[in-house]
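Engineer: Could you work out the structure for the sequence below:
(one chain, ligands or ions: 1)
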Amino acid sequence: MSRFTRIKGPRPLYICAAAGVGVAVYRLLKPESFNASLHPHDFAPYILVDKQSVSSTNAIFTLHDGFGVPEPDSIKEARKRGVWSVQAKQPQLQIARAYTPLPSKPDEVDDEDGHSLRFLIRKETGGEMSTYLHRLPAGSTIELRGPTVEYELPQDVKEVVFLAGGTGIAPAMQVAEALSRSPGSKMHLLWANRRREECEGGFGDEAALDASGQQPSWWKGLLGLRQHSDQSQHLGTRKTGSKGLIVRELEALKERSQAASGGLNIEYYVDEERSFIKPGDVVKRIRTEPSEGQGSRLILISGPDGFVDYWAGKKLWVEGREVQGPLGGVLAKIDLKNWQVVKL
Ligand SMILES: Cc1cc2nc3c(=O)[nH]c(=O)nc-3n(C[C@H](O)[C@H](O)[C@H](O)COP(=O)(O)OP(=O)(O)OC[C@H]3O[C@@H](n4cnc5c(N)ncnc54)[C@H](O)[C@@H]3O)c2cc1C
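Structural biologist: Alright, predicted model coming up:
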């Protein structure tokens, strides 16, 4: 199972309490010692304060703590550690699903007490939780628990190549946020979407070089990059157009990274424009010079099952736990040298 399939085994939560329990009841029932509302085991109320449409299927949900308390230390800690999630509960069906909080809002980065949790949520056709969430009006209560750290970045992380498909961009943004606190680290983000509407105005760094004519292009044919390059010229004409919400946030993350670490490099790929991530795009980014120093080098993959399987092979279930499974897919055919692959 990837991040984008139904939670199996013990993960769906069957809740005995009646639906519709609101913040007021929590206030009455909460023990004196219960001063941080997000809790790893018990659900706590959050208020949906804003829902901004990104595309015909995706929206950014902004939630505030139902008690109005500052962000708990557990979230501050998770933001530094790597990829993390929280679970949301559907009260009528008594099920829970995991979602990946986006990095702090650009205007809340320096706010120690910032208490927004934001999620990029895709409305799945026939999906129980996601259609429920997309139907909720502003002001609704959504119960959350967590955080759960899904993957902790090694302390000595030096370089990351992140292959993201669709809403797999959320964990990629978490990694970019964590690395922006890690001087000397560097990240290459390759983000693939089916449709342009998910990344309107997204204009890759490589395409920028192409457009300015400074990047020699002979090697692109060798690496299978020509198609993306041609596409990039096309995207270049859109540079002045409006930018989607996620694209704008990626650009803000990029600025933060450039100021604090070795930088964040982003490329956009759009199926409907016949622009796809190629093996050569990965090969090019994992060529490290010995002079670039010691430290962990990671290829992280996040997205729909088919995307993860294609690049790195299936994850497996062993004794009720999901494990990495052997390296398969395209990456198994590439000489990865000292790069480690992690399927998210
Ligand atoms: C760690 C983690 C983090 C995640 N983060 C995010 C995130 O940030 N954003 C995000 O959008 N998602 C995220 N997900 C995925 C999310 O948890 C849900 O799986 C997703 O929202 C779909 O849930 P659902 O209840 O709407 O769909 P489900 O009801 O579980 O259905 C999923 C799909 O299966 C189909 N389906 C359901 N039942 C059947 C059936 N009987 N036969 C055939 N098809 C069926 C549905 O039509 C739908 O397309 C994450 C998952 C994990 C594990």
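Engineer: Phi first, then psi, for the residue of the chain found nearest the ligand.
Structural biologist: With CB to the nearest ligand atom as the measure, the residue in the chain that lies nearest the ligand is Gly127; the distance is 2.3 Å. Yep, even glycine has a C-beta here, placed from its N, CA and C like the rest. Taking degrees, to the nearest 10, you get phi -80, psi 130 for the backbone angles of Gly127.
Engineer: and it, how many neighbours?
Structural biologist: Applying other CB atoms under 10 Å, we find 16 other residues in the vicinity of Gly127.
Engineer: For it, list the residues it contacts.
Structural biologist: If a contact means CB atoms under 8 Å, 6 or more residues apart in numbering, then Gly127 has no contacts.
Engineer: got a list of contacts for the top helix by length along the chain?
Structural biologist: The single longest helix within the chain, with elements called by DSSP state H, is helix 245-260. Contacts of helix 245-260 with the rest of the structure, by CB under 8 Å, 6+ apart, involve 52, 54, 60, 102-103, 106, 109, 120, 169, 173, 176-177, 179-181, 183, 187, 189, 198-202, 243, 263-264, 266, 268.
Engineer: Walk me through the domains of this protein.
Structural biologist: 23-149, 157-343 (automatic domain parsing).
Engineer: picking that back up, which strands and helices sit next to the next helix or strand after the longest helix of the chain?
Structural biologist: With elements assigned by DSSP states H and E, the helix or strand that comes after helix 245-260 is strand 264-270. Helices and strands touching strand 264-270, by 3 or more CB pairs under 8 Å, 6 or more residues apart in numbering; DSSP states H and E, are strand 186-193, helix 205-212, helix 226-236, helix 245-260.
Engineer: any idea which of these scores lowest on pLDDT?
Structural biologist: The stretch with the lowest mean pLDDT among the helices and strands packed on strand 264-270 is helix 226-236, which comes in at a mean of 46.
Engineer: Point to the helix or strand of this protein where mean pLDDT is at its lowest.
Structural biologist: The element with the least model confidence among the helices and strands of the chain, by mean pLDDT, DSSP states H and E, is helix 218-223, at a mean of 37.
Engineer: Name the nearest residue to the residue most central in space within the chain, sequence neighbours excluded.
Structural biologist: In the chain, the C-alpha nearest the mean C-alpha coordinate belongs to Ala170, at 1.6 Å (CA atoms, centre = their mean). For Ala170, the nearest residue in space outside its immediate sequence neighbours is Thr100; the separation is 3.9 Å by CB to CB, 6 or more residues apart in numbering.
Engineer: Quick check: the one you found touching Ile121?
Structural biologist: No. Using CB atoms under 8 Å, Thr100 is not in contact with Ile121, being 9.5 Å away.
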